[in-house]
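Enquirer: build me a model from this:
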Amino acid sequence: MKPFDPKMRLVKGAVTVAAATVICHSLMYAGFAWARDIAAEENEDNTFAGAFEFLLTMAASWALMPLLLWFGMLVLRESGNTVLVLVGGLAWVGVSGYFTNDIDRAGGHIPIAALIVFVLLGTALAGAGPGRPRD
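Expert: Residues are numbered from 1 along each chain as shown. Below you'll find the model as predicted:
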């Protein structure tokens, strides 16, 4: 069994959180564009045009983040990731929910500073776990 290296766990956590953030942000960007396209095609009298697509995008992003965090750390052979998965997933709900208006416009994105803070938080959460490398 290899000795536990907390610095390497932080690096693995940073890589995992950054990759998951890029994937979920891209999903939201594309999904909201899809919802806007549906709304533009519909009659303007339909207030809820694109609402299903919008809600589906939000739900997919919120469900995908904890799965990506768990799977990423699993692939990088780290265990004990409950804190990262639970708190990181909830933090993503907060960040993406708060900045929905920023990304839900043509060419819009969640502010880079918010994404950096999220990745730093996720990295710290990865280091908080009592994990040991998988054999």
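
Enquirer: look at residue 130 and report its pLDDT.
Expert: For residue 130, the pLDDT comes out at 64.

Enquirer: before we move on, what about residue 4?
Expert: The per-residue pLDDT reported for residue 4 equals 65.

Enquirer: please state the offset of the helix or strand bottoming out on mean pLDDT in the chain from the chain centre?
Expert: Least confident helix or strand, the chain: helix 100-103 with a mean of 87, by mean pLDDT, DSSP states H and E. Distance of helix 100-103 from its chain centroid, counting by CA atoms, centre = their mean, to the nearest Å, is 15 Å.

Enquirer: from the chain's centre, how far out does the next helix-or-strand element following it sit?
Expert: Going down the chain from helix 100-103, the next helix or strand is helix 112-128, by DSSP states H and E. Centre-to-centre, helix 112-128 and its host chain are 11 Å apart (CA atoms, centre = their mean).

Enquirer: what residues of helix 112-128 count as buried?
Expert: 115, 118, 119, 121, 122, 123, 124, 125, 126, 127, 128 (16 or more other CB atoms under 10 Å). (Each C-beta comes from the backbone N, C-alpha and C, glycine too.)

Enquirer: contacts for that helix?
Expert: With CB atoms under 8 Å, 6 or more residues apart in numbering as the test, helix 112-128 has contacts from 6, 9-10, 12-14, 16-18, 20-21, 25, 69, 73, 78, 81, 83-84, 87-88, 91-92, 95, 98-99.

Enquirer: now, of the residues you listed, which are buried?
Expert: Among those, the ones that count as buried by 16+ other CB under 10 Å are 9, 12-14, 16-18, 20-21, 25, 69, 73, 78, 81, 83-84, 87-88, 91-92, 95, 99.

Enquirer: many thanks, have a good one.
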